[in-house]
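Undergrad: everything below, folded, please.
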Amino acid sequence: MRRFERRFAWWAVFALIVAACGGGGQATTTTEGPGTTAPPATAATTTTAAPATTAAPQVCEAKIGVMAPITGPAASIGEEQRNWALLAVDLYNEENGTNFELVEGDTQLDPAQASTVAQQFAADDAILGVVGPAGSQEVEAVGPIFTDAEMAFVSMSATRESLTDGSLPTFFRVVPHDGQQGPTDAQFMIDELAASKVMIIDDQTSYSTGLADTTAATLEAAGVEVVRESVSQDVTDFSALVAKIDDATDVVFLPWQIAANAQLFGDQMAEQGKDAVIFGSDGLFSPSDFTVEGAYVSAFAPDIRGIPEDADLVAAYEAQYGDFGTFGPPTYAATVVLLDAIRSLCDSGAELTRAAVVDAVRATDQATSILGQPIRFTENGDVDGGRFFIFQIKGGSYELVK
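TA: Numbering: from 1, shown residues only. All right, here's what the predicted structure looks like:
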């Protein structure tokens, strides 16, 4: 906030100077004391009216919501998402002279909780749009609420392909969908891991089953044998599933959302002497929760530490909040999309309505973003040109391999 403080200090000094100089040339009023006579006006005297005062430009202000699993089993992801949204609003206000406010909604990655938060946001007329929610199953739960409220909601991590089939007209996302992730992951298993047999275990959520389907389709089309299994997110004893991994299984694909569960699965594989390679989807990109040596993880965003233009943002985030993964930067991108949309309405003098914000978000045309790529949306709300990245865990670090 140092730039704001410097600007405020400069204006304070300027105001003192103006006051000392008689108010910058404005006429002063003198009241004669008793017994004095004002000098008579002469024919040469002219009176000039003071110029009309120009009103200060109105500050663009509004509330937006953020929906993330700030507590619960995916808190390490949700906290990062919330923190990047906070940073985005703070920096945006500082750099643009706006007065945007962020309202937090903790979903715990639970569709029922997400519905409760969505109803609260929709009932608050001051909230013009929402960043999130994080999970595909949550988007499905809140979609009808935000559709009825004509409220734009921009997800930073919901990837189920069917979310943009046209049934959610106010939904957008800044990350690619599973129709892109599944084939990317499968092709890597085929080309780089020479997989001939893959076990796919979904976690029974809409996100997981959808991604499992698209990955399996690509693998099977290439002649790879696929074994399907399923387990609830609430399970933590995976010994029976691990026992089903035979010597012919090259890869175990885990399209899960709880990274800590994947760590337990990997530990139990090691206990049983199973040496198949674990390949996780974007939900497992959590360096604090998932550190199985040699495992692979796909992600819908790059590691922005490798983008030179993001150096100041990386430093600002780390100074205030510490380390981060790939879930936070897309949240920053989604937040900026929403703030840009609202500010564009302010700049044009248009009325700030939720419906107008939806139209403004749809018209987004950012030449670049924190993700190192442009952000524009297709007709149904998908980010144009999105792609997935693949990392391998080595010594506790996530190294980009493709």
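Undergrad: all helices for the stretch 1-150 of the chain, in order.
TA: Taking DSSP state H, counting those that start in this stretch, the helices of the stretch 1-150 of the chain run over residues 2-20, 75-96, 111-123, 136-148.
Undergrad: which one, of these, ends up nearest to residue 103?
TA: Closest to residue 103 of those is helix 111-123 (CB to CB; 7.1 Å). To be clear about C-beta, it is placed using only N, CA and C from the backbone, and glycine gets the same treatment.
Undergrad: and the closest one, what's buried?
TA: For helix 111-123, the neighbour count (16 or more other CB atoms under 10 Å) marks 111, 113-118, 121-122 as buried.
Undergrad: which one of the residues you listed is nearest to residue 398?
TA: Nearest to residue 398 among the buried residues of helix 111-123, counting by CB to CB, is residue 114 at 27.8 Å.
Undergrad: my read: the closest one touches residue 120, true?
TA: No - applying CB atoms under 8 Å, one finds residue 114 not in contact with residue 120, separated by 10.8 Å.
Undergrad: quick one, strands of the chain?
TA: Using DSSP state E, the strands of the chain run over 61-68, 99-106, 127-131, 152-155, 171-173, 197-202, 225-230, 251-254, 277-280, 296-299, 365-366, 375-376, 389-394, 397-400.
Undergrad: deepest of the ones you listed, which one?
TA: Greatest average neighbour count among these goes to strand 152-155 (a mean of 29), per mean count of other CB atoms under 10 Å.
Undergrad: neighbouring strands - and their directions - for that one?
TA: Sheet pairing here is set by DSSP bridges, and for strand 152-155 it gives strand 127-131 (parallel), strand 171-173 (parallel).
Undergrad: got the CA coordinates for it in CSV?
TA: The C-alpha coordinates for strand 152-155 follow below in CSV (Å, rounded to 0.1, in the frame of the first residue of the first chain):
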residue,chain,number,x,y,z
ALA,A,152,-21.8,-14.2,-12.8
PHE,A,153,-19.6,-16.8,-11.1
VAL,A,154,-16.1,-17.4,-12.3
SER,A,155,-14.5,-20.6,-11.1
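Undergrad: list the contacts of it.
TA: Applying CB atoms under 8 Å, 6 or more residues apart in numbering, the contact partners of strand 152-155 are 67, 128-134, 139, 142, 146, 163, 170-175, 334, 337-338, 341, 354, 357-358, 361.
Undergrad: hang on, residue 146 packs against residue 171?
TA: Yes - look at residue 146 against residue 171 with CB under 8 Å: they come within range, at 7.4 Å.
Undergrad: quick one, helices of the stretch 301-402 of the chain?
TA: Counting by DSSP H, counting those that start in this stretch, the stretch 301-402 of the chain has these helices, from start to end: 311-321, 328-348, 354-362.
Undergrad: quick one: which of these is nearest residue 380?
TA: Of all those, helix 354-362 comes closest under CB to CB, at 10.1 Å.
Undergrad: domains of the protein?
TA: What automatic domain parsing lists as the domains of the chain is 61-176+304-386, 179-299.
Undergrad: the first one: end-to-end distance?
TA: In other words, domain 61-176+304-386. Start-to-end span of domain 61-176+304-386 (CA to CA, to the nearest Å) is 31 Å.
Undergrad: what stretches of the protein score poorly on pLDDT?
TA: Residue ranges of the chain with pLDDT under 70: 1-57.
Undergrad: center of it - which residue?
TA: In the chain, the centroid-proximal residue (CA atoms, centre = their mean) is residue 331; its distance is 1.5 Å.
Undergrad: wouldn't that one be in contact with residue 81 here?
TA: Yes - contact criterion CB under 8 Å: residue 331 and residue 81 qualify, at 4.3 Å.
Undergrad: any common contacting residues for these two?
TA: In contact with both residue 331 and residue 81: 66, 68, 132, 156-157, using CB under 8 Å, 6+ apart.
Undergrad: of these, closest to residue 311?
TA: Of all those, the one with the least separation from residue 311 (CB to CB) is residue 156, at 21.4 Å.
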